[in-house]
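A.B. asks: Predicted coordinates and the sequence they were generated for:
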Amino acid sequence: MRFATPLIPATLVRRYKRFLADAVLDDGTEVTAHCPNPGAMTGQAAPGARIWLEPNDDPKRKLKYGWRLADLPGGHRVVVDTGLPNRVLGEALRARAVPGLDGYDTVRAEVGYGANSRVDFLLTGPERDIYVEVKAVTLRRTGDLAEFPDCVTLRGARHMGELAEMVRQGHRAVVLFALQRTDCDRIGVASDIDPGYGRAFDAARAAGVEVIALDSRITVEGVWAQGALPFTGTVTGG
């Protein structure tokens, strides 16, 4: 997925009220950007960090910049926009470029299911329908391991139960962990951060919910899904 508007670099001043970030452009202009990330953003929002903003000229938007990426040590980057992975994976699914999910004719997004929820993607084809939930993985606490979640997610735990129910009804169901940083090579579930999610994930997996872990190519031009990564299961303490 290529960014519609070229990103511009800036220096982060502060992130506040969860969805706002003050930054300084390279020409010295101070701006306020939308921060499309309700999570903890551990290690991604330190004042002085180099970040990347997408400008817009939409008169309906109060803020003229959206925060998309942040630079990390060693020349690495992380996606901070939690809406991007669904756009990236939607493009990859429709191109039949996700291993294990490439035999389906129709890909629909945000389809109602479960208890007043919407599944990220519903794939239909000659075989059983498959329900796919996408989880953006951005937390790194140690080594090359990226983890989900980075904070308590009651919604995420509910999704695991709903995916398990789809399996019981005879469908396939997948939780797709999409790595959103370039300095990790494997993915796990941080059960110490959210024990409730860890239990719900383990129960869903035992019920037959499948797991796919995918890498991403992240540049200032765009973000693209790449090959499979090792999945370590539930872990404690990174």
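C.D. replies: Thanks, I have the structure now.
A.B. asks: Just the local confidence number for the residue nearest to Leu53 when sequence neighbours are not counted, please.
C.D. replies: Nearest residue to Leu53 in three dimensions, chain neighbours excluded: Tyr65, at 4.3 Å (CB to CB, 6 or more residues apart in numbering). No exception for glycine: its C-beta is placed from N, CA and C like everyone else's. Note for Tyr65: predicted pLDDT of 97.
A.B. asks: and what of Thr234?
C.D. replies: At Thr234, the pLDDT value in this model is 82.
A.B. asks: now do Gly237
C.D. replies: Looking at Gly237, its pLDDT stands at 60.
A.B. asks: next one: Met166
C.D. replies: Reported pLDDT for Met166: 96.
A.B. asks: Which strands or helices does the host helix or strand of it pack on?
C.D. replies: If you go by DSSP states H and E, Met166 is part of helix 154-168. In terms of contacts (3 or more CB pairs under 8 Å, 6 or more residues apart in numbering; DSSP states H and E), helix 154-168 is packed against strand 117-124, strand 130-137, strand 172-179, helix 195-206.
A.B. asks: Thought Cys35 was touching the residue nearest to Leu53, still the case?
C.D. replies: No. The criterion here is CB atoms under 8 Å, and Tyr65 misses it with Cys35 at 10.1 Å.
A.B. asks: Those two: which is more packed in?
C.D. replies: Cys35 (25 against 20; other CB atoms under 10 Å).
A.B. asks: who's in contact with that one?
C.D. replies: By CB atoms under 8 Å, 6 or more residues apart in numbering, Cys35 lies in contact with Arg15, Arg18, Phe19, Leu20, Ala21, Trp67, Val80.
A.B. asks: With adjacent residues omitted, what lies nearest to it?
C.D. replies: Ala21 (4.4 Å).
A.B. asks: Just give the number of residues close to Ser216.
C.D. replies: Using other CB under 10 Å, Ser216 has 25 other residues around it.
A.B. asks: ok, Val31 to Leu72 distance?
C.D. replies: Remark: distance between Val31 and Leu72 (CB to CB, to the nearest Å) = 22 Å.
A.B. asks: By mean pLDDT, flag the weakest helix or strand of the chain.
C.D. replies: When each helix and strand of the chain is scored by mean pLDDT, DSSP states H and E, strand 231-235 comes last, with a mean of 86.
A.B. asks: Quick check: the gap between the closest residue to Val235 other than its chain neighbours and Ala40.
C.D. replies: Nearest in space to Val235, with sequence neighbours left out and distances taken as CB to CB, 6+ apart, is Gly188 at 4.1 Å. According to CB to CB, Gly188 stands 17 Å off from Ala40.
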